[in-house]
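Colleague: Predicted model and sequence below, questions to follow.
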Amino acid sequence: MPPALEPGLYIVATPIGNLGDLSPRAAAILAGVALIAAEDSRVTAKLLRHIGARVPMQSYHDHSAEGLRPALVARALAEPIALVSDAGTPLISDPGYKLVRDARAAGVNIVTIPGPCAAVAALTLAGLPTDRFLFAGFLPSKQGARATAIAELAPIRATLVLYESGPRLAACLAALYAGLGDRQAAIAREISKRFEETVTGSLSELAARYENAAPRGEIVITIAPPGEPPPADADTLDSALTAALAAATLKSAVAHVSAALGLPRAAVYARALELKAGSGKN
């Protein structure tokens, strides 16, 4: 018998492929709520059969969310309801944040049950830097809008994480190559499933690989950050220091120029002293 749950909205992460990844806590929550708001009730029904639970469901997706939200919030004030997506953590490239926002504003108790997330799982497989990353979801399907979105992502000094479908993958990779240059990247698909695959290489190599061979399954693209900019030359350093020294103290000017040009502070400080002394030495 599932434990009795307090009224509230329970955000439940579900498996992205392998049903064995559903945590015991998540299974208990799903079996114990009064209603499950599901992206696709047919998908969630398979998960409920796996854990032997029968729970009423309400479809909650982009096309139904607006009209259903007030009723779900009202119900969550009186009894426990769960929010799930088809796979992974709800709200991550899935509808749901407006429901959480409105529920919180109404005083609903909100509980998250963490679990699988394809974006994070793909990062662990890619072999790319993970100290900073940006999840950008799906890029626009139209060529112009996609190019604009990629241009906005280009200067970000973090590993990029995108979702994509098999039929659109080749065009997406070609656009990424054109907009970002030939960065290292990884294509992860069918994570945690029988035919899980991760392919790494440069964007140009990956674009060529999938040009005439669209893969099946759910796909995550991870892309390395941009390379370090080339070091500033002596003339650039002198120009930056001259401008900074005219508007700030020596200490502030050195700090600003060192950060802006990515140069060691000691070297910038030494050159600043030379310029102030009028030596002009290089």
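Modeller: Right, received. Where do you want to start?

Colleague: residues touching residue 137, list them.
Modeller: Applying Cβ atoms under 8 Å, 6 or more residues apart in numbering, we find residue 137 in contact with 93, 162, 163. C-beta coordinates here come from the backbone N, C-alpha and C atoms, glycine included.

Colleague: mind checking the end-to-end distance for stretch 149-168?
Modeller: 16 Å (Cα to Cα, to the nearest Å).

Colleague: buried sites along that stretch?
Modeller: 149, 150, 153, 158, 159, 160, 161, 162, 163, 164, 168 (16 or more other Cβ atoms under 10 Å).

Colleague: right, and the pair among those residues with maximum separation?
Modeller: Based on Cβ to Cβ, the longest span within the buried residues of stretch 149-168 runs between 158 and 168 and measures 23.1 Å.

Colleague: Show me where the protein has its strands.
Modeller: Along the chain, counting by DSSP state E, strands occupy 8-12, 35-38, 57-59, 80-84, 110-113, 133-138, 159-164, 184-189, 197-202, 219-223.

Colleague: Tell me what angle the fourth one forms with strand 8-12.
Modeller: With axes from the mean of the first three to the mean of the last three Cα atoms, to 10 degrees applied, the angle from strand 80-84 to strand 8-12 works out at 30 degrees.

Colleague: Report the rounded mean pLDDT for strand 80-84.
Modeller: Taken as a whole, strand 80-84 has an average pLDDT of 97.

Colleague: What lies in contact with that strand?
Modeller: Residues from elsewhere that reach strand 80-84 (Cβ under 8 Å, 6+ apart): 5-12, 14, 29-30, 32-39, 44, 47, 60, 72, 75, 90, 96, 99-100.

Colleague: From those residues, list the buried ones, please.
Modeller: For the contacts of strand 80-84, a burial check counting by 16+ other Cβ under 10 Å picks out 5, 8-12, 14, 29-30, 32-33, 35-39, 44, 47, 60, 72, 75, 90, 96, 99-100.

Colleague: all helices of the stretch 151-282 of the chain, in order?
Modeller: Here the stretch 151-282 of the chain has its helices, by DSSP state H, counting those that start in this stretch, at 166-180, 203-209, 234-247, 250-261, 265-277.

Colleague: what do you get for the stretch 1-150 of the chain?
Modeller: 24-32, 41-51, 65-78, 97-105, 118-126, 143-153.
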